[in-house]
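1. Mind folding the following:
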Amino acid sequence: MSVQARVLSVATAHPPYKVSQPEVRALVEVLFEGLAGLERLLNIFENTGIESRYLAAPLEWFAAPRSFSEKNQRWFDTALELCEQASRKALGLAGLKPQQVGAVVLVTSTGLATPSLEAYLAQRLGLPLSVLRLPLWGLGCAGGAAGLARAAELAQQNPGRYVLLVAVELCSLTFVRGDKSKSNLVATSLFADGVAAAVLGQGAGGPAVLGGFSRLLPDSYAVMGWDLGLEGLQVRFAQSIPALVEGALGPLIEDGLAGYGLSSQDVQTWTLHPGGAKVLAAYRNGLGVDEKSLEAAFCVLKKYGNMSSPTVLFVLERQMYQLERPAPGSKGLLLALGPGFAAEGVVLQW
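-> Reported below is the predicted structural model:
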């Protein structure tokens, strides 16, 4: 009889440079000088629900133009160091040695490396050189949820093998100094850097993973994504995201849950990617998410900002270790949105 894989542990890490919203706002006011409506746009910093964030470089580093190669090299060096920190903590919490890991899933969208980052990480950690490697790139904020689903499938298919999931994003290093678009300004008010690692397998720990689902809104390419310019990746996202969460997301989620014989009414604990304060409010209005679940997401947003794919795993960490655990046997849904307008859901049983 097949036993569902469980989340055995979750651990997180962040870079050392902590910044407050007023500090970032002051720099952005200088960097975006001349942008029409700048004073009005800067008000967004007071409405994000964020107090502080962690960045991969000192704030003044972002005042100068940086080439794509310079930013990407900093991404590689910083990401690898933080991935090692989070992975060692997650393995320690699960009581496992690196040699017991049979597969590693690494999620990112904010930098490039070939060989991919997990090849370096596996050798730093001392994982077996036969470890199955699955790099996932381009899923944006939805990557943490998609990675959790793929990691659980690998653990389910290979009983006795443990799977290490790592999601790493250094969003700040995608900042383009010469891009004075409104999207770029909004991104400076929201995005941050962080890493989360989780271990999945058979045993005791966190929730069991019943399965995942993916839903994509057709022709939604313009809603969220990257454009590639000479200075690197440039953020693309639309003002319509909160409205889409309130309107279009509900049917997508109900459709995904129906595959497990569930509806949103059966979900007792929501583990939500906090894309922003407006997005979380839209979850409340569109899906009827309970206040306890929202508090976990709002708290992560307040302390860390939107770190893209690892963020939802920061929320899961908070629910597993810092808050009262959901009732045993109760159903949960871990949910994140990604580019264009896509939903990745993971059905959990606590």
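2. Name the nearest residue to the spatially most central residue of the chain, sequence neighbours excluded.
-> Geometric centre of the chain, nearest residue: S309, 1.9 Å, by Cα atoms, centre = their mean. Among residues not flanking S309 along the chain, G143 sits closest, at 3.4 Å (Cβ to Cβ, 6 or more residues apart in numbering). Backbone N, C-alpha and C define where each C-beta goes, glycine included.
3. so the residue nearest to the centre of the chain touches A167, yeah?
-> Yes. The pair formed by S309 and A167 meets the contact definition of Cβ atoms under 8 Å, at 4.2 Å.
4. if we can go back for a sec, spell out which helix or strand contains the residue nearest to the centre of the chain, please.
-> Here S309, judged by DSSP states H and E, is contained in no helix and no strand.
5. What of L316?
-> Per DSSP H and E, L316 falls inside helix 311-317.
6. other SSEs contacting that helix?
-> Using 3 or more Cβ pairs under 8 Å, 6 or more residues apart in numbering; DSSP states H and E, the elements in contact with helix 311-317 are strand 6-13, helix 143-157, strand 193-201, strand 269-272, helix 291-304, strand 331-338.
7. sorry, back to before: give me the common contacts of S309 and A167.
-> Residues touching both S309 and A167 (Cβ atoms under 8 Å, 6 or more residues apart in numbering) are V107, T108, G143, G144, G147.
8. all strands for the chain, in order.
-> Ranges of strands within the chain are 6-13, 17-20, 52-55, 101-108, 132-137, 162-170, 193-201, 208-216, 224-229, 232-237, 269-272, 331-338, 342-349, based on DSSP state E.
9. Ok, which of those comes nearest M320?
-> Closest to M320 of these, according to Cβ to Cβ: strand 6-13, at 5.9 Å.
10. got the contact list for stretch 319-326?
-> V7, V10, G206, P207, Q268, T269, T271, K292, A296, G332, W350.
11. And for the fourth one, the neighbour number?
-> Pointing back at P207 there. Neighbours of P207 under the rule other Cβ atoms under 10 Å: 25.
12. likewise the fifth one?
-> Summarising burial for Q268: neighbours were counted as other Cβ under 10 Å, giving 16.
13. got a list of what the residue lying closest to it once chain neighbours are set aside touches?
-> Nearest non-adjacent residue to Q268, counting by Cβ to Cβ, 6+ apart: S330, 4.3 Å away. Listed by Cβ under 8 Å, 6+ apart, the contact set of S330 reads Q268, T269, Q349, W350.
14. who touches the second one in this structure?
-> By Cβ under 8 Å, 6+ apart, the contact set of T269 is K292, S293, Q319, P326, S330, K331, G332, L333, L348, W350.
15. which of those count as buried?
-> By neighbour count, with 16 or more other Cβ atoms under 10 Å, these hold S293, Q319, P326, K331, G332, L333, L348, W350 as buried.
16. What is the most widely separated pair among those?
-> Q319 and K331 (13.6 Å).
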